[in-house]
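# I need the structure of the sequence given here:
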Amino acid sequence: MQKSYCTLMVREKDVCWEYAEKLDGNKVRCKFCQRVLNGGISRLKHHLSRLPSKGVNPCSKVRDDVTDRVRAIIASKEDVKENSSVKKQKLPEVKSPATVSTTKSLLSIDAASPVMKGFLTVSPMTPPPVNHHENAERSIALFFFENKLDFSVARSSSYQLMIDAIGKCGPGFIGPSAEMLKTTWLERIKSEVGLQSKDVEKEWATTGCTIIADTWTDNKSRALINFLVSSPSRTFFHKSVDASAYFKNTKCLAELFDSVIQEFGPENVVQIIMDSSFNYTGIANHIVQNYATVFVSPCASQCLNLILEEFSRVDWVSRCILQAQTISKFIYNNALLLDLMKKFTGGQELIRTGITKSVSTFLSLQSMLKQKTRLKHMFHSPEYASNSSYTNKPQSLSCNAIAEDSDFWRTVEECVAISEPFLRVLREVSEGKPTVGSIYELMTRAKESIRTYYIMDENKCKIFLDIVDKKWRDQLHSPLHAAAAFLNPSIQYNPEIKFLSSIKEDFYKVLEKLLPVPDMRRDITNQIYTFTKAHGMFGCSLAKEARTTVSPWLWWEQYGDSAPGLQRVAIRILSQVCSTFFFQRHWSTFQQIHSEKRNKIDRETLNDLVYINYNLKLARQIKAKSLEVDSLQFDDIDMTSEWVEESENTSPTQWLDRFGPALDGSDLNTRQFSSAIFGANDPIFGL
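A predicted model of the protein is given here:
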């Protein structure tokens with residue numbers, strides 16, 4: 001009994017209990033993601049460490065500092081086990097002077113890099129490594145510091161895989177040389193990535209594919225066009241073309257697009273998505289005239305971003321944003337105050353920086369609203385009042401006044417309420433999955449949320465709906481989107497959907513384009529009737545249950561046999577993406593790889609390196625989706641954004657931040673509009 005009590009006391013003192021809630025039996029609940037784990041605190045540690053061990057799903061919402069702390073705890077316990085096992089070895093093995101001498105030599109000199117040798121010999125203040133684990137960590141740290149590597153490299157999946165693989169080789173392993181990396185391994189990895197894309201190409205005959213043309217301008221003002229190809233299984237980076245010499249020349253660009261279409265096969269290409277940087281009309285006309293079955297579509301995410309941008313320019317919204325930025329700039333430009341703020345917010349950042357300026361604006365307002373109470377407590381705290389390094393600054397009075405202004409917080413709530421429905425749509429279409437069949441419904445629901453919120457204020461309602469309608473009409477509307485909505489079973493069979501009759505004409509136009517020969521259109525009218533009336537397999541119980549739970553293209557593949565001609569068209573249409581934003585997250589890749597100073601290598605090697613790097617990052621990004629990572633966020637705060645930078649002339653080009661835990665809704669008062677539109681379990685408003 002006494003032994004059991006002592007064991008329980010030790011467990012209760014484990015520092016990791018602060019990250020968990022103890023449940024009945026041997027179960028714990030993670031405070032970050034709310035997942036319930038069997039196996040107690042040990043399983044929780046592996047869950048928080050995000051290491052692939054013991055079959056525990058990694059936590060998707062744990063902070064990086066907590067992950068680092070837990071990994072250190074796990075490592076220290078493994079060291080204790082290792083030292084215990086060493087002591088149990090035969091005594092002659094331990095007592096041999098030669099063995100001891102050799103081991104010390106290996107740990108302190110032979111196993112170290114030249115830089116490490118320098119640290120050990122030149123810096124007597126630094127103690128030598130005490131064990132294998134510390135020696136390895138020290139060597140890795142020195143490698144990062146010597147080569148000025150970004151610390152976020154340590155978060156990549158290949159980082160731990162590399163360490164595990166080296167560990168299995170044992171002592172004496174020699175890494176590949178620079179020449180071997182540049183030749184043998186570059187070619188081998190490129191070949192492996194290429195084989196993966198070949199496997200995906202087989203599905204194009206059924207699903208078709210989308211060519212994505214994404215423009216990017218580097219620091220030397222070179223116009224680079226990144227071509228990607230997307231289908232339901234995977235999206236691959238195809239190539240990057242330097243089009244600086246002819247970017248404004250429609251004829252040359254048209255020839256470039258011709259060559260790319262031919263590489264993928266015109267019979268496989270359903271649509272091409274390009275951003276507004278191109279001479280859109282000229283290239284679109286060329287493609288439509290020369291390829292009868294290929295559509296040219298605008299980027300849905302770009303349109304949504306423009307909507308949010310226009311929202312932020314409305315007078316009272318703009319004033320609210322400037323007030324919020326006054327607080328964030330004051331805090332982020334004073335190191336002591338920033339530390340104090342993080343103390344009150346539990347280590348959470350005050351601002352969020354998304355993939356565009358307007359996204360960053362509204363995510364930051366969401367974040368500040370979440371921290372409203374904590375911010376007020378900070379400004380009233382003795383710690384704040386007692387530090388003259390910031391209380392004596394003129395901005396201090398302004399920030400205090402803003403934080404105490406109830407009108408300001410009501411306006412922030414309003415900004416969050418009108419922007420969140422469109423951020424939802426932006427997330428949905430920016431995740432790299434086939435959403436062409438959902439964009440119509442998503443936009444309709446977002447507009448309805450505005451009407452519901454402003455049910456007592458027609459003037460404000462009109463202002464925002466006019467913005468949405470204008471951008472939809474000028475930037476987003478596409479017959480392909482309308483046809484996809486008509487073919488989407490979750491829309492077609494939903495009695496609450498009112499817009500089906502208005503998109504019928506576009507649906508028939510798309511059918512005529514995709515079925516240009518009379519033989520191909522034979523019996524198509526009867527097949528449309530069979531689908532809309534849910535006859536045949538369309539009306540079976542399994543098909544009905546799967547209408548809202550299965551991807552529309554997959555639903556048609558499984559249950560569309562009653563209308564074979566329409567089935568083929570439906571699968572090809574519904575298998576497409578409608579946005580480029582998911583694939584624009586790697587501009588920094590090109591900034592680094594295309595830098596001549598950083599890479600004095602030939603053009604072919606450069607292209608191979610870009611091809612491998614981009615596709616590996618795409619694969620990692622797709623994997624991250626399963627961990628519920630917000631598609632609008634990155635990992636690092638951009639300290640040059642207007643939410644931090646005090647200069648009035650900043651023009652940030654990179655937006656690198658991750659949106660943290662969903663808002664808990666404790667500070668919101670939004671007339672419960674979200675519950676009616678998005679359901680009772682809304683992760684943002686919690687209504």
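# all strands for the stretch 301-450 of the chain, in order.
Taking DSSP state E, counting those that start in this stretch, the stretch 301-450 of the chain contains no strands at all.
# residues contacting residue 323?
402, 405, 408 (Cβ atoms under 8 Å, 6 or more residues apart in numbering). Where you see a C-beta, it was placed from the backbone N, CA and C, and this is true even at glycine.
# give me that answer again for 10 Å
The contact partners of residue 323, taken as Cβ atoms under 10 Å, 6 or more residues apart in numbering, are 398-399, 401-403, 405, 407-408, 411-412.
# among those, which one lies nearest to residue 559?
Distance ranking of the contacts of residue 323 against residue 559, using Cβ to Cβ, places residue 412 first at 46.5 Å.
# narrow the contacts of residue 323 to those in helices?
398-399, 401-403, 407-408, 411-412 (DSSP state H).
# so who does residue 646 touch?
325, 329-330, 332-333, 395.
# correct me, but residue 331 touches residue 402?
No. Counting by Cβ atoms under 10 Å, residue 331 stays clear of residue 402, with 11.9 Å between them.
# returning to that earlier point: and of the contacts of residue 323, the nearest to residue 38?
residue 412 (41.5 Å).
# quick one, what contacts that closest one?
317, 320-321, 323-324, 365-366, 368-369, 372, 667-668.
# now those residues in CSV, with pLDDT and distance to residue 40?
Below are the contacts of residue 412 laid out as CSV (pLDDT from 0 to 100; distance: Cβ to Cβ, whole Å):
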residue, pLDDT, distance to residue 40
317, 97, 49
320, 97, 47
321, 97, 47
323, 96, 48
324, 96, 43
365, 96, 40
366, 95, 35
368, 96, 38
369, 96, 37
372, 95, 36
667, 30, 35
668, 29, 36
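# residue 487: which of the residues you listed is nearest?
Lowest distance from residue 487 to these (Cβ to Cβ) belongs to residue 366, with 34.6 Å.
# name the element residue 226 belongs to?
strand 223-231 (DSSP states H and E).
# could you point out which element follows that strand?
Taking DSSP H and E, what comes next after strand 223-231 is strand 234-242.
# packing partners for that next one?
Secondary-structure packing of strand 234-242 (3 or more Cβ pairs under 10 Å, 6 or more residues apart in numbering; DSSP states H and E): helix 186-201, strand 209-217, strand 223-231, helix 250-264, helix 587-593, helix 603-625.
# if we go to 8 Å?
The contact analysis (3 or more Cβ pairs under 8 Å, 6 or more residues apart in numbering; DSSP states H and E) places strand 234-242 against helix 186-201, strand 223-231, helix 250-264, helix 603-625.
# off-centre distance for stretch 166-180?
How far stretch 166-180 lies from its chain's middle: 33 Å, per Cα atoms, centre = their mean, to the nearest Å.
# and that stretch, average pLDDT?
Stretch 166-180 carries an average pLDDT of 88.
# ok, stretch 442-452 next?
Stretch 442-452 comes out at a mean pLDDT of 95.
# in that stretch, what counts as buried?
Residues of stretch 442-452 classed as buried by neighbour count (16 or more other Cβ atoms under 10 Å): 442-443, 446-447, 449-450, 452.
# mind checking which of the ones in helices among the contacts of residue 323 are buried?
Buried members of the ones in helices among the contacts of residue 323, scored by 16+ other Cβ under 10 Å, are 399, 402-403, 408, 411-412.
# right, and residue 360 touches residue 353 too?
Yes. Between residue 360 and residue 353 there is a contact under Cβ atoms under 8 Å: 4.6 Å.
# what about those two, which has more around it?
Comparing residue 360 with residue 353 by other Cβ atoms under 10 Å, the one with more neighbours is residue 353, at 30 against 24.
# for that one, grab phi and psi.
Here is the backbone geometry of residue 353 (degrees, to the nearest 10): phi -120, psi 110.
# hmm, residue 638 and it touching each other?
Yes. The pair residue 353 and residue 638 passes the contact test of Cβ under 8 Å, sitting 4.8 Å apart.
# secondary structure element for residue 29, which one?
Here residue 29 is assigned to strand 27-30, by DSSP H and E.
# note down every partner strand of that strand and its orientation.
strand 20-22 (antiparallel), strand 36-38 (antiparallel) (DSSP bridges).
# dump the ones you listed to a markdown table, plus distance to residue 62 and mean pLDDT.
Listed next are the strands paired with strand 27-30 as a markdown table, based on distance: least, Cβ to Cβ, whole Å; pLDDT from 0 to 100:
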| stretch | distance to residue 62 | mean pLDDT |
| --- | --- | --- |
| strand 20-22 | 11 | 85 |
| strand 36-38 | 13 | 80 |
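# residue 558 is nearest to which of those?
strand 36-38 (33.2 Å).
# ok, residues contacting that closest one?
23, 26-30, 43-44, 47, 56.
# change it to 6 Å
With contact meaning Cβ atoms under 6 Å, 6 or more residues apart in numbering, strand 36-38 is reached by 27-29, 43-44, 47.
# got the domain boundaries for this structure?
As assigned by the TED database, the chain contains the domains 15-82, 208-297+584-624, 300-475.
# and these, which one averages the lowest pLDDT?
Ranked by mean pLDDT, those end with domain 15-82 at the bottom, a mean of 76.
# can I get the buried part of the contacts of strand 36-38 as one ChimeraX selection?
Here is the ChimeraX command that selects the buried residues among the contacts of strand 36-38 (16+ other Cβ under 10 Å):
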select :27,28,43,44,47
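# do you know which of the helices and strands packed on strand 234-242 lies nearest residue 286?
Closest to residue 286 of those is helix 250-264 (Cβ to Cβ; 4.2 Å).
# got the angle between the closest one and strand 223-231?
Inter-element angle recorded for helix 250-264 and strand 223-231: 30 degrees (by axes from the mean of the first three to the mean of the last three Cα atoms, to 10 degrees).
# which SSE is immediately downstream of helix 250-264?
Heading towards the C-terminus - elements assigned by DSSP H and E - helix 250-264 is followed by strand 269-274.
# tell me what that following strand is packed against?
Strand 269-274 sits against strand 209-217, strand 295-297, with contacts defined as 3 or more Cβ pairs under 6 Å, 6 or more residues apart in numbering; DSSP states H and E.
# show me what the shortest one is packed up against.
On a contact count with 3+ Cβ pairs under 6 Å, 6+ apart, strand 295-297 meets strand 269-274.
# the strand it packs on: how far from the chain's middle?
That offset, for strand 269-274, works out to 23 Å (Cα atoms, centre = their mean).
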